[in-house]
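Q: What follows is a predicted protein model with its sequence.
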Amino acid sequence: MDSEFKAIRRPEAGIAWCSVVELEAALCEHPSVYEAAVVGRTDADGALKPAAWIVLRGDVPNLASLEASLALYCKARLSEYCYPRWFHFVASLPKTATGKTLRHELLLDRDLEPA
């Protein structure tokens, strides 16, 4: 998801648009999230859907519960289809020297060091 908007194919409605910037901002508003990056990931049906890499503010004992909470949090603030389908909890996001997130590295290495 290099640009701000990308297509998400929904069987019931065709193509929908999801703003990466809005999705990352919504995730960062959650009290447990320090930083987030979103990239597109193709699901089993070939549809491009959001995947989120999350840096947490502190220890979270139940990551499965947090994933459900983050999905609901995004659905409440954005469109019902614009929420991450996959969550990757990491210690830090790869960045350039100027602080820009290297999203292409997230796509290449889905198994970054866990938080």
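A: Looks like it arrived, so ask away. Residues are numbered from 1 along each chain as shown.
Q: Could you export the helix or strand where V39 lies as PDB, CA atoms only?
A: Assigned by DSSP states H and E, V39 belongs to strand 33-42. Taking C-alpha atoms only, strand 33-42 is exported to PDB below (Å, rounded to 0.1, in the frame of the first residue of the first chain):
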ATOM      1  CA  VAL A  33      -0.500   1.400  20.300                       C
ATOM      2  CA  TYR A  34       2.700   3.500  20.100                       C
ATOM      3  CA  GLU A  35       3.200   3.300  16.400                       C
ATOM      4  CA  ALA A  36       1.600   1.500  13.400                       C
ATOM      5  CA  ALA A  37       2.300   0.900   9.700                       C
ATOM      6  CA  VAL A  38      -0.200  -0.600   7.300                       C
ATOM      7  CA  VAL A  39       0.500  -2.400   4.000                       C
ATOM      8  CA  GLY A  40      -1.600  -4.500   1.600                       C
ATOM      9  CA  ARG A  41      -1.600  -8.200   1.800                       C
ATOM     10  CA  THR A  42      -3.400 -10.600  -0.600                       C
END
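Q: ok, and what's touching it?
A: Residues outside strand 33-42 that contact it (C-beta atoms under 8 Å, 6 or more residues apart in numbering): 1, 6, 20, 23-24, 27-28, 48-57, 70, 84-86, 93, 101, 103, 106-107. Quick note: C-beta positions are derived from backbone N, CA and C, even for glycine.
Q: if we go to 7 Å?
A: Counting contacts by C-beta atoms under 7 Å, 6 or more residues apart in numbering, the residues outside strand 33-42 that touch it are 1, 6, 20, 23-24, 27-28, 48-57, 84, 86, 93, 101, 103, 106-107.
Q: Kind regards, and thank you for your time.
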